[in-house]
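> okay, here's the prediction I keep looking at, along with the sequence it came from:
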Amino acid sequence: MLVKSQGHFGPHRQRGATFLGMVTIIAILGFGLYGGIRLVPLYMEYMNVARAMEQVRTEFNGEPTSAPEIVTALNRRWAIEDITRVAPEQIAIQRDGDVIVMHAAYRAEAPFIANVSLVVDFEKTVEIPQ
């Protein structure tokens, strides 16, 4: 008597992603995308701060200047760029030999979900030759 093989006996194995697996992947990607969206304004403002500092360097490059003049120039650019998270007075301005060093170091925070926030530390240093 011939016995025909029926293949694999037992429970059928499922292949591919389950609905719960797909929902989990979509939720993780959604959280990451939402976090990225919340961080974009912080990075855009940092780029404005960096650009303003570079413009001040270009304005005073090689010319004798003082800290109050630099703060005044930064105030003008802060108003144009609408920078609110850091004030021009918070930019450290120091003379180091024949160079004036502007140093911005600040922390920006964006609310994420409920009482959870995203925090980013920014730092930029620009030297103005005298």
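Structure received.
> so R107 is in contact with V120, correct?
Yes - at 7.2 Å, R107 and V120 qualify as touching, with contact defined as C-beta atoms under 8 Å. For every residue, glycine as well, the C-beta is placed using N, CA and C.
> let me know the helix or strand that the residue nearest to the spatial centre of the chain is in.
The structure's the chain has its C-alpha centroid closest to Y43; by C-alpha atoms, centre = their mean the separation is 3.7 Å. Taking DSSP states H and E as the criterion, Y43 maps to helix 19-60.
> what's the helix or strand just after that helix in contact with?
As assigned by DSSP H and E, the chain's next helix or strand after helix 19-60 is helix 67-81. For helix 67-81, the surrounding residues in contact (C-beta atoms under 8 Å, 6 or more residues apart in numbering) are 48-49, 51-53, 55-56, 59-60, 83, 87-89, 91, 93, 100, 102, 128.
> drop anything exposed from the residues you listed.
48-49, 52-53, 55-56, 60, 83, 88, 91, 93, 100, 102, 128 (16 or more other C-beta atoms under 10 Å).
> my understanding was that V101 contacts E127; is that so?
Yes - with contact defined as C-beta under 8 Å, V101 reaches E127; the gap is 5.4 Å.
> what helices or strands is the helix holding Y43 leaning on?
helix 67-81, strand 99-113, strand 116-129 (3 or more C-beta pairs under 8 Å, 6 or more residues apart in numbering; DSSP states H and E).
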